[in-house]
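A.B. asks: Build the 3D model from these lines:
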Amino acid sequence: MKKYAFILCAALAVMGCSKKWNDLVHEEVVAQINAFSIEGQISCTISKAKKTVEVAVPVDTDLSKLKVEGFDITEGATCTPAIKVGDVIDLSSPLTVVLTTYDNYEWTISASAQIKPQPEPKEGPQLYNMSFDNWCQGGLNKVWFPYAEDATDQEKATWGSANGTTQPLGYVTVGPEDTFLAVTGEGKMGLKLQTQGMSILMGMIKKLAAGSIFNGYTGDIDIMKMSAKIYWGISFTERPKTLEGYACYKPGAIDWTQDPYKGKEGELDNGHIFVVLTDWDAPFEVSPPDQLLDLDDPHIIGYGKVVFDKKMEAYEPFKLNIEYRSERTPKYIAIVASSSALGDFFTGSSSSVLYLDELKFTY
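C.D. replies: Next comes the predicted model:
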């Protein structure tokens with residue numbers, strides 16, 4: 001009697017986890033999608049409870065032509081319509097598939113286009129006075145310098161400009177801005193770059209001087225040619241991804257020209273800011289307009305540029321992406337900004353002004 005009772009209990013236990021199919025009792029095996037992925041996807045969410053697969057792909061992706069990169073279902077199950085890795089499927093509308101073991105299980109696969117989330121910018125090493133809050137005046141001509149009065153020699157060597165050439169002649173091309181700022185507060189200042197049409201020696205010499213600031217220093221000055229040797233670059237071994245900040249550009253019509261840009265007269269001026277990271281052995285000598293930066297220089301490791309080509313009423317944020325050409329470690333960096341992009345060729349507008357504030361690198 002005990003033997004029959006044991007057999008009956010065992011049979012009931014089997015029946016509890018089995019189903020009847022074609023008049024036969026079988027163990028239930030639920031067919032599920034275990035993994036699914038589309039080439040270039042942002043994310044994929046699989047709900048076994050709801051029997052759904054939801055894929056997110058970048059904006060502008062053609063939802064009708066999605067390449068299956070991964071697909072895994074319950075062992076022994078079949079999928080109708082059949083899907084395999086490498087197939088191109090249409091998810092412009094939800095796709096219903098049926099997974100079959102002993103029974104049929106209906107799943108829905110759908111896709112949506114989303115903006116790919118960007119990683120949060122990381123903090124990293126910055127250059128001295130990228131906020132342009134620190135300024136002082138020096139010398140008989142009270143020349144403006146972009147550093148604090150108590151700055152170290154290394155800090156004083158961070159930023160250079162042509163003020164040492166132009167300000168003694170009465171033309172300030174680079175200076176502080178204390179009222180028109182992107183970020184206000186106690187002690188806050190900004191940078192003002194102003195292109196100037198200069199006339200000296202009773203009008204015998206006339207030249208355009210663009211407002212320009214750079215990492216480096218100014219060398220020998222030729223007053224008669226109204227030009228100077230400039231040395232771009234200060235020591236820097238990091239690899240920032242972007243240079244960000246605020247800019248407000250107020251361009252004028254080009255009224256000073258020189259070959260090869262004589263035809264630019266009357267056009268709206270452009271300003272710019274660029275970053276170059278190199279493994280030069282020393283700061284790079286620039287002698288406008290004869291010797292300028294060669295963008296094909298094999299020593300250039302990273303480069304990025306933003307052009308300001310419209311009139312702005314207020315500060316606007318900008319992001320300069322630095323594109324790297326090699327994995328080498330930089331030795332020098334130069335940030336160069338100008339209120340007239342063709343200032344190296346003494347071409348631009350004598351009324352163009354570029355304001356910059358709160359620069360920073362992101363990593």
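
A.B. asks: In space, not sequence, find me the middle residue of the protein.
C.D. replies: The centre of the chain sits closest to Asn321, judged by CA atoms, centre = their mean, with a distance of 3.4 Å.

A.B. asks: quick one, what contacts that one?
C.D. replies: Lys241, Thr242, Gly304 (CB atoms under 8 Å, 6 or more residues apart in numbering). Just so you know, the C-beta spots here come from the backbone N, C-alpha and C atoms, and that holds for glycine as well.

A.B. asks: Tally up the residues packed near the first one, please.
C.D. replies: Here the count is done by other CB atoms under 10 Å, and Lys241 has 20 residues near it.

A.B. asks: Tell me how far it lies from Ile333.
C.D. replies: For Lys241, the distance to Ile333 equals 14 Å [CB to CB, to the nearest Å].

A.B. asks: wouldn't Phe180 be in contact with Lys250 here?
C.D. replies: No. Assessed by CB atoms under 8 Å, Phe180 is found out of contact with Lys250, at 10.2 Å.

A.B. asks: neighbour-wise, which of the two wins?
C.D. replies: Under the criterion of other CB under 10 Å, the comparison of Phe180 against Lys250 puts Lys250 first, with 18 against 14.

A.B. asks: if I look at the more buried one, how far off is Ser131?
C.D. replies: Separation of Lys250 from Ser131 (CB to CB) stands at 21 Å.

A.B. asks: Please state the backbone phi and psi of the nearest residue to Ile234 once chain neighbours are set aside?
C.D. replies: Leaving aside its chain neighbours, Ile234 sits nearest to Asn215 (4.7 Å; criterion: CB to CB, 6 or more residues apart in numbering). The phi and psi torsions at Asn215 (degrees, to the nearest 10) take the values phi -80, psi 110.

A.B. asks: show me where pLDDT drops low in the stretch 151-300 of the chain?
C.D. replies: Scanning the stretch 151-300 of the chain for pLDDT under 70 picks out 201-203, 221-227.

A.B. asks: how about the strands of the stretch 51-200 of the chain, start to end?
C.D. replies: 52-58, 66-73, 78-80, 88-89, 95-100, 104-114, 136-138, 143-145, 159-161, 174-177, 190-194, 196-200 (DSSP state E, counting those that start in this stretch).

A.B. asks: Hmm, the residue nearest to Ile234 is touching Ala334, no?
C.D. replies: Yes. If you go by CB under 8 Å, Asn215 and Ala334 touch, sitting 4.7 Å apart.

A.B. asks: circling back to that earlier point, run through the bridge partners of the residue nearest to Ile234.
C.D. replies: Trp159 (DSSP bridges).

A.B. asks: give me every residue that touches it.
C.D. replies: Leu127, Thr158, Trp159, Gly160, Trp232, Gly233, Ile234, Ile333, Ala334, Ile335, Val336.

A.B. asks: Can you give me the separation between the fourth one and Tyr217?
C.D. replies: In this case it means Gly160. Distance of Gly160 to Tyr217, given as CB to CB: 4 Å.

A.B. asks: again, but for the fifth one
C.D. replies: Going from Trp232 to Tyr217 by CB to CB gives 9 Å.

A.B. asks: Between these two, which contacts overlap?
C.D. replies: Common contacts of Trp232 and Tyr217 (CB under 8 Å, 6+ apart): Pro283.

A.B. asks: Looking at these two now, which is surrounded by more residues?
C.D. replies: Shown here are Trp232 and Tyr217; by other CB under 10 Å, Trp232 has more neighbours (22 against 19).
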